[in-house]
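S.K.: here you go, sequence then predicted model.
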Amino acid sequence: MALLTSVTRVCDCNRESQKEFPERFPHPYFPEKNGLLPWGNDENGNDYFLLTQGQPDEWQVVEDEVRGDGIKAHPFTMTDLLISILNKTTEPLASGYPLETDYEFDSWTDF
């Protein structure tokens with residue numbers, strides 16, 4: 001599925017849910033100003049967004065734990081959050097991470 005199609009689908013779906021449960025979806029969604037821009041999800045169904053406030057290299061991560069506590073903002077950029085999870089200073093929503101194999105680096109020249 002194309003990236004734009006995925007982004008549009010997630011944002012449209014959350015906008016519809018937001019109409020019925022505004023407290024559960026407190027942010028606007030991309031392309032609205034300061035909207036949440038989806039960038040990933042995990043096998044537990046959790047969604048990950050960037051809060052598009054300020055300059056793009058300052059956008060912070062917002063997690064949506066869909067079967068748990070809901071929306072949670074982090075004081076991290078995407079890269080900072082991933083580093084924090086690998087350093088085990090932030091607990092990821094999906095259990096069992098990071099795996100030992102997540103610390104292995106494969107050079108692109110190996111492919």
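M.R.: Yep, it's here.

S.K.: by mean pLDDT, which helix or strand of the protein comes out lowest?
M.R.: strand 70-73 (a mean of 84; mean pLDDT, DSSP states H and E).

S.K.: if you count neighbours, what's buried in the helix or strand that it is followed by?
M.R.: Downstream of strand 70-73, the next assigned helix or strand under DSSP states H and E is helix 78-86. Buried residues in helix 78-86, counted by 16 or more other CB atoms under 10 Å: 78, 81-82, 84-85. C-betas here are computed from N, CA, C, even on glycine.

S.K.: show me what the least confident helix or strand of the chain is packed against.
M.R.: strand 60-65 (3 or more CB pairs under 8 Å, 6 or more residues apart in numbering; DSSP states H and E).

S.K.: host element of residue 18?
M.R.: Element membership for residue 18 (DSSP H and E) is helix 3-20.

S.K.: other residues contacting that helix?
M.R.: Residues from elsewhere that reach helix 3-20 (CB atoms under 8 Å, 6 or more residues apart in numbering): 24-25, 29-30, 35-38, 47.

S.K.: in strands, which of the residues you listed fall?
M.R.: Counting by DSSP state E, these place 36-38, 47 in strands.
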